[in-house]
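K.L.:
Please find the sequence and the predicted model below.
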Amino acid sequence: MSQLLNFGKMILKPEKYYNMDCAICKIGSAKKGLVTFTLERNNVIVVFKNVPAMVCGNCGDFYLTTETTRMLLERASKTFEKG
C-alpha cells in the first residue's frame, strides 16, 4: 500500500520515485524531496509548501509528477476564481 503525503488540505498518493539525472545541470541527481511551488495569475499569487517532488542536489531544479501537477493546478484555479 502506498504512503499518502499530506500537505495543507491536499493528500497525494505519489508515484514511485527513482533517483534520476538532472535534465537542467546534467551534473546532479534528483532525489525525493519537498519543494515550495508558486503560481501567479493577474496579481494573485498562490504558494504551495511541502510539495513532493524530485529535487536536484546540485542545482535545485525540481520535477513534479503528473498527478501532483494536476492537483496543484486544480487547487490554484479554484483559488484564482475566488480572487
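P.N.:
Looks like it arrived, so ask away. Numbers count the residues shown, from 1 in each chain.
K.L.:
Please point out which parts of the helix or strand containing L72 sit buried.
P.N.:
Using DSSP states H and E, L72 sits within helix 66-82. When burial is assessed from 16 or more other CB atoms under 10 Å, helix 66-82 yields the following buried residues: 68, 71-72, 75-76. Glycine gets a C-beta too; all of them are placed from N, C-alpha and C.
K.L.:
closest to N42 among these?
P.N.:
For those, the minimum distance to N42 (CB to CB) is 12.0 Å, reached by A76.
K.L.:
Please report how far that closest one lies from F48.
P.N.:
8 Å (CB to CB, to the nearest Å).
K.L.:
Next: K26.
P.N.:
Applying CB to CB, the value for K26 to F48 is 28 Å.
K.L.:
Among the two, which residue is more densely surrounded?
P.N.:
F48 (18 against 10; other CB atoms under 10 Å).
K.L.:
Make sure that one is actually in contact with M71.
P.N.:
No: using CB atoms under 8 Å, F48 is not in contact with M71, being 9.4 Å away.
K.L.:
Identify the bridge partners of the nearest residue to F80 once chain neighbours are set aside.
P.N.:
Nearest non-adjacent residue to F80, counting by CB to CB, 6 or more residues apart in numbering: R41, 5.2 Å away. Residues in a beta bridge with R41, per DSSP bridges, are V44.
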